[in-house]
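[1] pasted the sequence and its predicted model underneath.
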Amino acid sequence: MKLYCISFLLFIFVGCSSSPLILTPTQYTYSGKERTKQLDRENPQLEPLMILREIQHSFWGRKAIVRVQGWYSSSGLQARKLNRIQMIQEIEDDQLTLTCYVEPKGGFGKEGNLIYGYNYQQEIKIKIPVGIKQLHLKLIEHNLTQQEILSFKTTIPLTAKEVSKKG
């Protein structure tokens, strides 16, 4: 036992010590900045447009390819889906008027937490009769109260020079 006490005192005087354990508390201080979540849009909203992509010439006549695009809201308890995109053609003298109706319909249920609406795109092929010199494009959308809103309107001249350049 004497040997044990002497060896213990010897280690104390020699300075044999274990590595110290340092404890530092985690401290949070107010930095002055307000912490908020900011939602980034994954997909930008498409503007309501009707674009004449190209005019194709063939043995049977001219065909126009028109792109219809836009965005409709669908969020929270007002979940909506796109019912249909309807195209109506009207011919007056040498003018062709293309009116496109976009009708979303209400549905049951609700949308996810981060969904605010949907983009839509569709390409439509239209036969252009002989003698047409102007093309009028109209895009009419229905809103939540089923009122018609004229979203886009443009006029495109179809002259012989422009048709020969595109063909």
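    Sure thing, it's come through. Residues are numbered from 1 along each chain as shown.
[2] for the rest of this, base every contact and every neighbour count on C-alpha atoms.
    Fine.
[3] okay, residue 108: pLDDT?
    pLDDT recorded at residue 108 is 71.
[4] and the pLDDT at the nearest residue in space to it that is not next to it in sequence?
    Excluding its sequence neighbours, the residue lying closest to residue 108 (Cα to Cα, 6 or more residues apart in numbering) is residue 79, at 6.7 Å. Residue 79 carries a pLDDT value of 72.
[5] residue 79 touches residue 104, doesn't it?
    No: Residue 79 is not in contact with residue 104 according to Cα atoms under 8 Å; the separation is 10.0 Å.
[6] now do the contacts for the closest residue to residue 157 other than its chain neighbours.
    Spatially, and ignoring its direct neighbours in sequence, residue 157 is nearest to residue 134 (4.4 Å; Cα to Cα, 6+ apart). Shown in contact with residue 134 (Cα atoms under 8 Å, 6 or more residues apart in numbering): 94-96, 155-159.
[7] if you rank these by neighbours, which is first?
    Within the contacts of residue 134, neighbour counts (other Cα atoms under 10 Å) peak at residue 96, which reaches 21 neighbours.
[8] which SSE is that residue in?
    strand 95-106 (DSSP states H and E).
[9] ok so residue 6 is a strand residue?
    No: using DSSP: H, G, I helix; E, B strand; the rest coil, the assignment for residue 6 is helix, not a strand.
[10] make 55 the starting number, not 1.
    That works, and once the first residue is 55, the last one we named lands at residue 60.
[11] neighbours around it, how many?
    That count, for residue 60 with other Cα under 10 Å as the rule, works out to 11.
[12] so which residues of the chain form strands?
    Along the chain, the segments classed as strands by DSSP state E run 103-112, 115-127, 134-146, 149-160, 171-182, 188-196, 202-211.
[13] now the angle from the fourth one to strand 134-146?
    An angle of 160 degrees separates the directions of strand 149-160 and strand 134-146 when computed by axes from the mean of the first three to the mean of the last three Cα atoms, to 10 degrees.
[14] lowest confidence element among the helices and strands of this protein?
    Ranked by mean pLDDT, DSSP states H and E, the weakest helix or strand in the chain is helix 214-220, scoring a mean of 48.
[15] now stretch 99-116: mean pLDDT?
    Here the average pLDDT along stretch 99-116 is 87.
[16] give me the contact list for it.
    Residues outside stretch 99-116 that contact it (Cα under 8 Å, 6+ apart) are 117-125, 172-174, 181-184, 191-193, 205-206, 217, 220-221.
[17] what mean pLDDT does stretch 173-191 get?
    88.
[18] cheers, nothing more for now.
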